[in-house]
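Participant: Next come a sequence and a model predicted from it.
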Amino acid sequence: MKPDQGSAPPAAVGGRWFLVSLGISVALIGAVFVWLMWRSFDRAKEMRAWPQVECIILDSRIESRRHDPQSPTEYRHVLAFGYEFNGRLHSSDRITARGSSWSSKRGPVAASASRHPTGQRTRCHVNPDDPSFAVLRPDSFGPAYSLWFPCLFVIGGLGIALRALRPQRNG
């Protein structure tokens, strides 16, 4: 008796569904990263459209901390600046939207502090929807330049899933 040409052995069907689920999972993970990177790019674009106003650095210093005697000393640039927006005085403490991060390297932190000494007049970007939120440096467009990489996972994952769903040719 000849086996039915249209049915595949159970192991082959299980393998196909495994590949479909793997491909969809890879595509979904890639899609999450595409969304996150696009959102970062969109925020950077929005920040560059915020109005720029003159501001003055009120405080600029290096802060250090140590979690315990065995851990290295960490540093960050503490900054405060004042500005006027729509006739009202405001202040902010953000170089970038994410604020000042801690670093185990004092050099880059000291360089940031020397670029923004106390008393310096500079320009800051003010969020018109929330004038109490201002930054000296808007976010980078970097995520847009790397968007192609997670797109490869979306395309590759969909390719795996579609290839597994295609009928197999015998011969």
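Facilitator: On my side now, so go ahead. Keep in mind it's a predicted model, so treat the numbers as computed, not measured.

Participant: in the longest strand along the chain, what's buried?
Facilitator: Secondary structure of the chain per DSSP state E: the longest strand is strand 52-65. Buried positions in strand 52-65, judged by neighbour count with 16 or more other CB atoms under 10 Å: 53, 55, 57, 60. In this view, the C-beta of every residue, glycine as well, is placed from N, C-alpha and C.

Participant: Let me see the ranges of the helices in this structure.
Facilitator: Using DSSP state H, the helices found in the chain span residues 10-49, 106-115, 142-145, 148-165.

Participant: so which of these gets nearest R94?
Facilitator: Smallest distance to R94 across the helices of the chain (CB to CB): 11.0 Å, for helix 10-49.

Participant: is the residue nearest to W50 when sequence neighbours are not counted in a bridge, and if so with what?
Facilitator: Spatially, and ignoring its direct neighbours in sequence, W50 is nearest to H125 (4.3 Å; CB to CB, 6 or more residues apart in numbering). Beta-bridge partners recorded for H125 (DSSP bridges): Q52, V135.

Participant: okay, now A113: neighbour count?
Facilitator: Per other CB atoms under 10 Å, the neighbour tally for A113 reads 20.

Participant: that older thread, let me see the residues that make contact with the longest strand of the chain.
Facilitator: Strand 52-65 has contacts (CB atoms under 8 Å, 6 or more residues apart in numbering) with 73-85, 91, 102, 106, 109-110, 113, 116-126, 134, 136.

Participant: swap in stretch 158-171?
Facilitator: 5, 8, 12, 16-17, 19-20, 22-24, 26-27.
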